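Chemist: below is the sequence, then the predicted model.
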Amino acid sequence: MTWIPAAAFASVPQSLEDAARDAGASKLRVFRDITFRLALPGILVAMVMSFLHAFDEAQGTYLVGVPTIYTMPTQMYALVLNYPAQIAAVFSILLTIPSVILIGIARKHILGGHLAEGFQIK
Amino acid sequence: MTTFEQESGLQLVELNKVLGGRVIIENLNLTVKKGEMVSLLGPSGCGKTTTLRIISGFLFPDSGKVLLEGKDVTAVGPEKRPSAMVFQNYALWPHMTVFKNVAYPLKIRKFNKQAIEKRVHDVLDILNLMHHVNSRPSQISGGEQQRVALARALVQEPHILLLDEPLSNLDAKLRIKVREDIRELQRRLAITTVIVTHDQDEALSISDRVAVMKSGRIEQFSTPQELYDAPITEYVANFIGSLNSFTGDFVDGRLTPGEFTVGIRPEDVKFSVKSMVGGIQSKVEQIVPRGHFHEVYLGRADMRLRAFLASDVPEVGTEGYSKVTKALLYQKGNLFKIVEQ
């Protein structure tokens, strides 16, 4: 999971950072304005992957943590399991809506957008 | 401080740099006058890019000094130096528009909004980019990207402009146009400029003076004309223009046995079917059309000579007379004398 943002940072071309330094930016400023911005898609992907991983671990977390520790995935399991089947069906359909919106945003801003172009420059 | 130092735009004094156990730059000295345009010319690996990175502050020399307009900036980082660089691949930030790219250096210097807008618009106007203010770098052509990179450098009003192979990513026709634009702009703004290139055409056509580099040293630093007419080493003679090269001596217009290296430029060879004063019997052996001139190989008793002939090219097999008007004689790599006739 560490490797995805690491690769994203590594793939930001050195010359883009050099250009910012040459323009007068301090190292911290270069990181904020250039490196971080261009690595953002990779960081977002890593966030999604981490969450999926945590979701996978929900049963383990439940066994160890109940009743004192609740994480977001265990709460979600509890919610789903505590409702009658009909409501769960409705709920799962409603749950697809944010996913669809997320895919749309990802397509527009990450895959086709300028963030992806940052990686095509040598 | 001497007056000389005040007048110079850039001075490199006794620079040395070792990278990865290899000597990249060795005792390099260079003085660029204020407002002058100078090329660093050499094959890849000769240290020209390293020199530029030392001038811009990305690399620090192991020893030696960098003076910008008389001030010692050797230990100053790139963000604090009054230099601006145009990178080989332009290095435009893809997540910013053209306007934001050019405005970024001013934003860092905390200019107010109106001042930024005015200066960015002025510079984009000079470079004919006003219609692309809101485009992203990926939406404009290579030549335009190059101009944006130049705008981003010029907007900082640098004391020295550094160009790292600025034209190598452009196609041949555009290259000539852009290099003329750069030259014109540089003259108008009277900005001290150092340009790194491996293209001799480019260096000769746009610079006031050219420094030919070889393995970390400057072989010759002079005007393009001098470089071409009187290259002081064999290396420079071979690197600039074309050269017929022989071992021997050059006496009475012909090659004789000897220990010199004789260099003859193909342009300095005359050919005629009729006999001429000092002409030597020659036979046309091969003709290669090169567009506006022809490359003709002439067989003579003393040597096989390559000549560039503009017009009246004879056919292969024609017998005639050829004459060498100028020959460069080198002894152990250094210029010994120039023979003209």
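Modeler: Yes, it's here.

Chemist: could you use CA atoms for every contact and neighbour count after this?
Modeler: Will do.

Chemist: what's the closest non-adjacent residue to the residue of the stretch 1-150 of chain B found nearest chain A?
Modeler: Here the stretch 1-150 of chain B gets closest to chain A at one residue, residue B:79, 3.8 Å apart by CA to the nearest CA. Using CA to CA, 6 or more residues apart in numbering or on different chains and skipping the chain neighbours, the partner closest in space to residue B:79 is residue A:24 (3.8 Å).

Chemist: those residues of chain B touching chain A, which are they?
Modeler: Counting by CA under 8 Å from any CA of the partner chain, chain B comes close to chain A at B:56, B:58, B:78-81, B:83-85, B:87, B:89, B:91-95, B:104-105, B:108-109, B:138, B:153, B:156.

Chemist: which of those are buried?
Modeler: The neighbour-count test (16 or more other CA atoms under 10 Å in any protein chain shown) marks B:56, B:58, B:78-81, B:83-85, B:87, B:89, B:91-95, B:104-105, B:138, B:153, B:156 as buried among the residues of chain B next to chain A.

Chemist: now the helices for chain A?
Modeler: Here chain A has its helices, by DSSP state H, at A:3-10, A:14-22, A:27-30, A:36-56, A:58-65, A:72-82, A:85-106, A:114-117.

Chemist: repeat for the stretch 151-300 of chain B
Modeler: Assigned by DSSP state H, counting those that start in this stretch, the stretch 151-300 of chain B shows helices spanning B:172-189, B:200-206, B:224-229, B:234-239.

Chemist: now the ones you listed in a markdown table, with mean neighbour count and mean pLDDT?
Modeler: Shown next, in a markdown table, are the helices of the stretch 151-300 of chain B (neighbours: other CA atoms under 10 Å in any protein chain shown; pLDDT from 0 to 100):
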| stretch | mean neighbour count | mean pLDDT |
| --- | --- | --- |
| helix B:172-189 | 14 | 88 |
| helix B:200-206 | 19 | 90 |
| helix B:224-229 | 17 | 92 |
| helix B:234-239 | 19 | 92 |
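
Chemist: could you dump these into TSV with distance to residue B:17 added?
Modeler: What follows is the helices of the stretch 151-300 of chain B, written out as TSV (distance: least, CA to CA, whole Å):
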stretch	distance to residue B:17
helix B:172-189	30
helix B:200-206	24
helix B:224-229	26
helix B:234-239	23
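
Chemist: in terms of secondary structure, what does the helix or strand hosting residue B:67 contact?
Modeler: Assigned by DSSP states H and E, residue B:67 belongs to strand B:63-68. Counting contacts by 3 or more CA pairs under 8 Å, 6 or more residues apart in numbering or on different chains; DSSP states H and E, strand B:63-68 is packed against strand B:8-19.

Chemist: may I see the buried residues of the strand it packs on?
Modeler: B:8, B:9, B:10, B:11, B:12, B:13, B:14, B:15, B:16, B:17.

Chemist: cool, stretch A:42-59 as well?
Modeler: Within stretch A:42-59, judged by 16+ other CA under 10 Å, the buried ones are A:42, A:43, A:45, A:46, A:54, A:55, A:58.

Chemist: lowest average confidence across helices and strands of chain A, where is it?
Modeler: Sorting the helices and strands of chain A by mean pLDDT, DSSP states H and E puts helix A:114-117 at the bottom, at a mean of 52.

Chemist: pLDDT below threshold where in the chain?
Modeler: Assuming you mean chain A. Low-confidence segments of chain A (pLDDT under 70): A:1, A:109-122.

Chemist: ah, I was thinking of chain B
Modeler: In chain B (pLDDT under 70), the answer is B:1-6.

Chemist: what is the burial count for residue B:220?
Modeler: Neighbours of residue B:220 under the rule other CA atoms under 10 Å in any protein chain shown: 18.

Chemist: so it touches residue B:213, yeah?
Modeler: Yes. With contacts counted by CA atoms under 8 Å, residue B:220 reaches residue B:213, the gap being 7.5 Å.

Chemist: can you give the domain ranges for chain B?
Modeler: For chain B, automatic domain parsing gives the domain ranges B:3-238, B:242-340.

Chemist: the helix or strand hosting residue B:323 pairs with which strands?
Modeler: Element membership for residue B:323 (DSSP H and E) is strand B:319-324. Applying DSSP bridges to the sheet, strand B:319-324 is found paired with strand B:269-272 (antiparallel), strand B:280-289 (antiparallel).

Chemist: the longest one: which residues count as buried?
Modeler: Burial within strand B:280-289, assessed by neighbour count using 16+ other CA under 10 Å, is assigned to B:280, B:281, B:282, B:283, B:284, B:285, B:287.

Chemist: can you list those in a markdown table and add distance to residue B:203?
Modeler: Listed next are the buried residues of strand B:280-289 as a markdown table, based on distance: CA to CA, whole Å:
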| residue | distance to residue B:203 |
| --- | --- |
| B:280 | 36 |
| B:281 | 38 |
| B:282 | 35 |
| B:283 | 36 |
| B:284 | 34 |
| B:285 | 34 |
| B:287 | 29 |
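
Chemist: how far out from the middle of the chain is stretch B:256-265?
Modeler: In terms of CA atoms, centre = their mean, to the nearest Å, the centre of stretch B:256-265 is set 27 Å apart from its chain centre.

Chemist: next one: stretch B:47-59
Modeler: Distance, centroid of stretch B:47-59 to centroid of chain: 16 Å (CA atoms, centre = their mean).

Chemist: many thanks, I have nothing further to ask.
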